Structure formats: C-alpha cells, structure tokens
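S.K.: My questions are about this predicted structure, shown below with the sequence.
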Amino acid sequence: MGSLETVIWYILGYSALPMILLGGFIGTAVVACFLLELTGRK
C-alpha cells in the first residue's frame, strides 16, 4: 500500500504543475478577452 501511495502522489505532483500553468493561462486568456470586449464596445 505504501508504494502505491508513493506512485499516486508522484503522479499527482507531476500532473499538478501543468494543470496550474494551463489554468493560469486559460484564466488570463478569458480575462483578456473579457477586457477586450468591454473596451471594444465603447
């Protein structure tokens, strides 16, 4: 059970970083598009 937990945490640790980067990128893109929409409608 201990080795299985180690593998799971290893995979979680490695998949967390790309997910955080992707989430930040998508969030930034959404905010940028929203701001462009707001400024473009004036």
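M.R.: On my side now, so go ahead.
S.K.: So which residue is dead centre in this structure?
M.R.: Gly23 (2.0 Å; C-alpha atoms, centre = their mean).
S.K.: Can you point out the buried residues in the helix or strand encompassing that one?
M.R.: With secondary structure defined by DSSP states H and E, Gly23 is part of helix 2-40. Going by neighbour count (16 or more other C-beta atoms under 10 Å), nothing in helix 2-40 comes out as buried. To be clear about C-beta, it is placed using only N, CA and C from the backbone, and glycine gets the same treatment.
S.K.: model confidence over that helix, on average?
M.R.: Computed over helix 2-40, the mean pLDDT rounds to 93.
S.K.: helices and strands around that helix, which ones?
M.R.: Of the remaining helices and strands, none touches helix 2-40 by 3 or more C-beta pairs under 8 Å, 6 or more residues apart in numbering; DSSP states H and E.
S.K.: what about that helix, distance to the chain center?
M.R.: 1 Å (C-alpha atoms, centre = their mean, to the nearest Å).
S.K.: quick revisit: ok, so what distance separates the residue nearest to the centre of the chain from Ile8?
M.R.: Separation of Gly23 from Ile8 (C-beta to C-beta, to the nearest Å) stands at 21 Å.
S.K.: And Leu22, by the same measure?
M.R.: 21 Å.
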